[in-house]
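>>> need a structure here:
(chains A and B)
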Amino acid sequence: MIRIFSNLSVVFFLLITACSQEEERLDNFYAVEDIQLPDGLTQEIGGMAFMPDGRLAACFHRGEVMIYDTKTTQWSVFAEGLHDPLGVQAVNNHEILVMQRPELTRLIDQNQDGIADDYVTVTDDYGMSGNYHEFAYGPEPDGKGNYFIALNCGSSGAGIWNELRGQFNQLGRQGKMYSCVPYRGWVMKLDQEGALTPWASGFRSPNGLGMDLEGNLFITDNQGDWLGTSKLYHVEKGKFYGHVSSLVWKPGWEVDPINLPVKMLDSMRTKAAVLFPHNLMANSPTQPLCIPENARFGPFAGQLLVGEMDFPRIMRVMLEKVKGAYQGACVSFLDSAGLTIGNNRMTFGPDGSLWVGKSAYVWVGDQGIQRIKYQGGTPMDVLHMNVTPTGYDLTFTRPVDRELANNPATYQFERYYYEYHMEYGSDRFDLTEVPVKQVAISKDGKKVSLTLADMKPGYVYDLTIQDLKCEKGVLLKNNHLFYTLNNLPLP
Amino acid sequence: MIKLVTLFLIFSLASGGAFLFQNNEQVSQQPKKEISIKAISGLQYDVVRFTIKPGETVSLTLINTDEMTHNMIITLPNQREEIVVLAGKLSAQGPEKNYIPESEKILAAIPLLGPGEKKTIEFTAPEKEGVYPYVCTYPGHGAVMYGAMYVTNNALPPLSADLNVPPVRRANPGNEAPEEPAHPWPARLPAMYRTFMPDCGPAGIAVGMQGDVSYCWDAGQCRLRYAWKGGFVDMKRNWSGKGKELADIVGVVFYRDSTEFPIRIGDKNHIPKPEFHGYSMENRYPTFKYSLDDVVVTERIEPIPEQAGFRRTFTFEHVTQPLWFVWKEDKSIDLVVDRGNWAGNYLKLSPEEAREFTITITEKTRKPL
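Next comes the predicted model:
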């Protein structure tokens, strides 16, 4: 009996310790640390990927591909001399795919001495006008042996060269961002035979490709001409996403797309799943990265994280399918808290930590690599935001403080829309406050159902949750959410 | 009216605050100091500091030559960072307020200017000597895009030691600071960059060989374009921008291939269709692999000791027709081939000979008269 008692007291003690540790962690679930990089390296990261043996491969602004051994914390050179590399994928421990400006390249270390011997051109079947803005992004594997790449449009910030690669098309030369050589503004699919085919059009500056756990392809695009604000698209074969110059590469296309009626172009496009309101959420979103099921990265498995260049921020996207199409909300995942700006590339390490590579390219940004480690416990956050015929259901990670949560004034909604037009960016139009009429809280205290005065598709619903705490008194910090209401569900 | 303004000016200066006349005609009767500053690529002002005398009238023009939007706020001494933070807090209201927050610590401001726009404002310098920072408060720019207005009768500190200008602009041309390494390893030859090269298609390759002879190879057209002696490339301009600028050749070009295309297979008038397959590195020199009309070719270029020249070794796999190498007479070049027969400007190689052959190109040494 004494023995049992003492055992119980040990358990009890452990429980108390666990609780108090969690209490201490209530405000600090993710720790940010800087990774040491070698001297003499311009630390602007174009891509990062872990190899099967747990080493990190990263490519840099000046054309290096370097390998980081996380055990010894030593860097070594794998390849060099690449042209603006902006993405890597590890094929195995001796082989890396790298997307550089002129081509997708397979780097192979044949003699396994740690340095690539063969630089094999996987595909260069797309055009280059010599315009600096024609960056190439990817490759994003689809899990079935194929890869997606994305091709940036050229910019009126500079002209084109006399000598081009690929066929010139004057119709695509118009506009602020243009597509005068093949497949600029397109997402391309590379099949296992090495054939590169056009997959989807209508992109401006698609610096970020990512697949979710179900194999859906998501791509971000940046605010500018034809983009009132930055966006996240669910990209499917054959669809057009709104930036018009790329249309000239559709078979049989013979008109200048800029001169078509905007209404017609609007009817052709597939709308973004999520808008990132400019200056409020993101000015330059980068890579979407899905949190794996077994990530040990907190309660958000299956959701997308999206990097951001101009703010010290990583965003989180909560998606749902309504009337057959993805739509949803974005919110900060991590703001400041040691995180710097320029969050261009992300990848999960074997230990579940998130590695974030910085870049600037003389735009707003930073250098270096930061690593974000989950510290355990459950942060107070909105886990899901789901639309209902009359409002929104908010599911929290922890039970809410009922008194605070029950007050309609806690939830401040406004709605607005961005204009689809050729001009650069867009104001927020028809900005209207939308009162919350009714609040209902679920038994477990985790779900709050809000009934709004008005639900209008085609608008961003901008929600600020004011001073809401969980039942243990922890404030909801990531309290500004933006739901892109394309479709309203049927009652 | 002038008296009133003057009184007001005296009053405001006496009260310790600097005073701003924005576009005010009345003070422009005095001689004024004209300052013109450009917003340039790379989040910078082209002028990072200037001097005015206390109480002097300043006509300040900002010209935005960049492709991004910029503004300019002149703050009271040591208030730059605080104003940047305040501007950041404007969030959604930022654009309509030109990212100019309301603050008594702002001396003067030029609103947001789009690419190509310019604006002039006029104001009177404070009577109090000091360093008055100016900064672009567009989100994200404030940390790096700034400069300093010195209100002083004295000389300025050396630029290299001036903490009021951005670190990248403190470099002093007279200062013999060692050049920073380009990579995390010491500079070495041979070396290779895929980059934007002059007189080449957009898929350019620069290779610098031992002996300071370098060449440009075009991965779009699959051919050697030109070679130079005396150095490799300077990548500074290309790397410091968005990749817009070309790599700069260091040295003198001594050879250019000015043929339409140098190799023909079978029909010597037919230009074969090139396709680039990449390259293998051996001793840090690339062996290029490509196909011409589906015939697989390898080409390796190596230096010749002590000479401005290089040797090209070609292999053609499974070629069944004769091969033609086209040469355009070049009086400054010596050409030596180890296989084939010349027919005018065409070197004809049998399929057997084409399996492996070398072409050596060297600059003619000038003979004494």
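>>> Get me the contact residues on the stretch 51-200 of chain B for chain A.
B:67-68, B:91-92, B:94-95, B:115, B:139-141, B:180-185, B:191-196, B:200 (Cβ under 8 Å from any Cβ of the partner chain). From N, CA and C alone the C-beta is placed, and that goes for glycine too.
>>> at 7 Å what do you get?
Proximity of the stretch 51-200 of chain B to chain A (Cβ under 7 Å from any Cβ of the partner chain) is limited to residues B:67, B:91-92, B:94, B:139-141, B:181-185, B:192-196.
>>> Any of these buried? List them.
B:67, B:94, B:139-141, B:182-184, B:192-196 (16 or more other Cβ atoms under 10 Å in any protein chain shown).
>>> The residue of the stretch 51-200 of chain B found nearest chain A: what's it in contact with?
In the stretch 51-200 of chain B, the residue that lies nearest chain A is residue B:140 (3.3 Å; Cβ to the nearest Cβ). Going by Cβ atoms under 7 Å, 6 or more residues apart in numbering or on different chains, residue B:140 touches A:310, A:341, A:364.
>>> Repeat that for residue A:145.
residue A:192.
>>> sorry, back to before: just the contacts of residue B:140 that are near chain B?
Okay, of these touching chain B (Cβ under 7 Å from any Cβ), that's A:310, A:341, A:364.
>>> quick one: least confident of these?
Lowest pLDDT of the ones next to chain B among the contacts of residue B:140: residue A:364, 88.
>>> Excluding chain neighbours, what is closest to that residue?
With Cβ to Cβ, 6 or more residues apart in numbering or on different chains as the criterion, residue A:364 has its nearest non-adjacent residue at 3.3 Å, and that residue is residue B:140.
>>> So the one you found belongs to a strand, correct?
No: under DSSP: H, G, I helix; E, B strand; the rest coil, residue B:140 falls outside any strand and is assigned coil.
>>> where does it fall, phi/psi-wise?
Per-residue torsions, residue B:140: phi 90, psi -20 (degrees, to the nearest 10).
>>> Ok, residue A:290 next?
phi -80, psi 140.
>>> what pairs with it across the strands?
residue A:304 (DSSP bridges).
>>> do residue A:384 as well
residue A:395.
>>> And for the one 4 residues further on?
Listed by DSSP bridges, the beta-bridge partners for residue A:388 are residue A:391.
>>> what does the stretch 251-400 of chain A have sitting close to chain B?
Counting by Cβ under 7 Å from any Cβ, the stretch 251-400 of chain A sits next to chain B at A:279, A:280, A:283, A:310, A:341, A:361, A:362, A:364.
>>> residues contacting the first one?
Residues near residue A:279 by Cβ under 7 Å, 6+ apart: B:91, B:92, B:94, B:139.
>>> Might one say that residue B:334 is in contact with residue B:359?
No: counting by Cβ atoms under 7 Å, residue B:334 sits too far from residue B:359 to count as a contact (11.2 Å).
>>> which intervals of chain B have sub-threshold pLDDT?
Where chain B drops to pLDDT under 70, the residues are B:1-30, B:171-179, B:366-369.
>>> who are the neighbours in contact with residue A:240?
A:201, A:202, A:247, A:268, A:269, A:270.
>>> ok, the second one to residue B:247 distance?
Plainly put, residue A:202 is 33 Å away from residue B:247 if you go by Cβ to Cβ, to the nearest Å.
>>> Comparing those two, which residue is more hemmed in?
residue A:202 (25 against 22; other Cβ atoms under 10 Å in any protein chain shown).
>>> near chain B, anything from stretch A:426-437?
No: between stretch A:426-437 and chain B, judged by Cβ under 7 Å from any Cβ, nothing touches; the nearest distance is 7.5 Å.
>>> Quick one: list the elements packing against the host helix or strand of residue A:140.
Here residue A:140, judged by DSSP states H and E, is contained in strand A:136-141. The elements that strand A:136-141 packs onto, with contact taken as 3 or more Cβ pairs under 7 Å, 6 or more residues apart in numbering or on different chains; DSSP states H and E, are strand A:87-92, strand A:95-100, strand A:147-151, strand A:209-211.
>>> Adding mean pLDDT and mean neighbour count, write these out as CSV.
Converted to CSV, these look like this (pLDDT from 0 to 100; neighbours: other Cβ atoms under 10 Å in any protein chain shown):
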stretch, mean pLDDT, mean neighbour count
strand A:87-92, 98, 20
strand A:95-100, 98, 25
strand A:147-151, 98, 26
strand A:209-211, 98, 22
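>>> Out of these, which is closest to chain B?
Comparing those by Cβ to the nearest Cβ, strand A:95-100 comes nearest, at 6.6 Å.
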